[in-house]
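Engineer: I'd like to go over a predicted model; first the sequence, then the structure.
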Amino acid sequence: MASTARAKYLQIAEDLAAQIRSGTLAPGAVVPSEAELMERYGVASGTVRKAVAELRTTQLIETHQGRGSFVRSRPPVQRKSSDRFRRAHRLAGKAAYLAEAEQSGGTPSVNVLFVGPLDAPSGIAERLGVPQGTKVLARKRRYFRDGIPTEEATSFLPWDVAKDIPELFAENPGGGGIYARLEEHGHLLVEFGETVQARLASKAECVALTLSPGSPVIHLVREAVAANGRVVEVCDTVMAADQFVLDYRFVAES
């Protein structure tokens, strides 16, 4: 019985996939509703939901909370960590996310949600090398591509570093972003370290990124290290997993 149910939802998924590939369901088109698919195929809601989930897994469609499912119309952002932090980009006034989103064919934008002092959470404090609760500067942003939120990021900077750089307290810190401002004030960046975890989105993250319940996210935490060995920024980022491809390059050491 279970194998029959599996065959049915896979059959529905393949039928819809064929419509997408043929252009019958065009890029950006709304996928038929759950009720429509139940009537069309004579199946229960659970079977339809599994079929839609299968299409999401293969990245043929994307679901936005409260809006429904749509045929994907754009490739994921290629996030090339080996390239995005080059000093040449900062000197040219390029912000990494905006440049990457444009290269993928989308129109990027950003909303600044908060800029100001916060007490450092324990995990952030440990990475910055300060006691928990120490005052830090926090900068929280939400990034969009074609009007759809794709990631939310909060940068935490040591207060003694940030207090002397007034641009860091502005919504727009200027060309090249906060890394350019740090380097202009003597904090030469020599290393970046990233910790990446795949997990399910929390309820708050689903709301912030308009994700369906149970959607996967990429939780990425980055440390920016200055020439004196000090971590001068920790960036805590949550990314919609289907919107990004993470591309890393490593030097082969003997």
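Structural biologist: Perfect, thanks for sending it.
Engineer: tell me the contacts of the closest residue to residue 224 other than its chain neighbours?
Structural biologist: Using Cβ to Cβ, 6 or more residues apart in numbering and skipping residues adjacent in sequence, the residue nearest residue 224 is residue 233, 4.2 Å away. All C-beta spots, glycine's among them, are computed from the backbone N, C-alpha and C. Residue 233 is in contact with 155, 156, 157, 178, 179, 182, 222, 223, 224, counting by Cβ atoms under 8 Å, 6 or more residues apart in numbering.
Engineer: Same list, those, but as TSV with neighbour count, distance to residue 205 and secondary structure please.
Structural biologist: Written out in TSV, the entries for these read as follows (neighbours: other Cβ atoms under 10 Å; distance: Cβ to Cβ, whole Å; DSSP: H, G, I helix; E, B strand; the rest coil):
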residue	neighbour count	distance to residue 205	secondary structure
155	24	18	strand
156	25	18	strand
157	24	23	strand
178	23	23	helix
179	22	25	helix
182	25	28	helix
222	19	18	strand
223	16	22	strand
224	22	24	strand
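Engineer: From these, pick the one nearest residue 12.
Structural biologist: Proximity of the contacts of residue 233 to residue 12 (Cβ to Cβ) peaks at residue 222, which lies at 40.7 Å.
Engineer: contact partners of the longest helix belonging to the chain?
Structural biologist: When every helix of the chain is counted residue by residue (DSSP state H), the longest turns out to be helix 2-22. Helix 2-22 is touched from outside by 25, 31, 37, 41, 43, 47-48, 50-52, 54-55, 58, 60-61, 71, with contacts defined as Cβ under 8 Å, 6+ apart.
Engineer: Kindly write the PyMOL command that selects the buried subset of those residues.
Structural biologist: The following PyMOL line selects those of the contacts of helix 2-22 that are buried, judged by 16 or more other Cβ atoms under 10 Å:
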select buried, resi 25+31+37+41+43+47+48+50+51+52+54+55+60+61+71
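Engineer: Of the contacts of helix 2-22, which belong to strands?
Structural biologist: Of the positions in the contacts of helix 2-22, 61, 71 sit in strands, assigned by DSSP state E.
Engineer: from the contacts of helix 2-22, which has minimum pLDDT?
Structural biologist: Among the contacts of helix 2-22, residue 58 has the lowest pLDDT, at 72.
Engineer: Now that one: closest residue in space, sequence neighbours ignored.
Structural biologist: Once chain neighbours are set aside, the closest to residue 58 by Cβ to Cβ, 6+ apart is residue 17, at 7.1 Å.
Engineer: So which residues of the chain form helices?
Structural biologist: 2-22, 34-41, 45-57, 81-84, 87-91, 96-103, 122-128, 159-162, 177-184, 203-208.
Engineer: Any chance of these in a markdown table with distance to residue 193 as columns?
Structural biologist: Listed next are those as a markdown table, based on distance: least, Cβ to Cβ, whole Å:
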| stretch | distance to residue 193 |
| --- | --- |
| helix 2-22 | 39 |
| helix 34-41 | 44 |
| helix 45-57 | 31 |
| helix 81-84 | 10 |
| helix 87-91 | 17 |
| helix 96-103 | 16 |
| helix 122-128 | 9 |
| helix 159-162 | 18 |
| helix 177-184 | 14 |
| helix 203-208 | 23 |
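Engineer: what about those, which gets the closest to residue 244?
Structural biologist: Taking Cβ to Cβ as the criterion, residue 244 comes closest to helix 96-103 out of the helices of the chain, the separation being 8.9 Å.
Engineer: Touching that closest one from outside, list them.
Structural biologist: Judged by Cβ under 8 Å, 6+ apart, the contacts made with helix 96-103 from elsewhere in the structure are 77-80, 84-85, 89, 107-108, 110, 143, 145, 150-151, 177.
Engineer: okay, among those residues, which ones form the most distant pair?
Structural biologist: Pairwise distances across the contacts of helix 96-103 peak at 23.4 Å for 85 and 107 (criterion: Cβ to Cβ).
Engineer: And these two? Which one has more around it.
Structural biologist: Neighbour count, other Cβ atoms under 10 Å: between residue 85 and residue 107, residue 85 has more, with 16 against 12.
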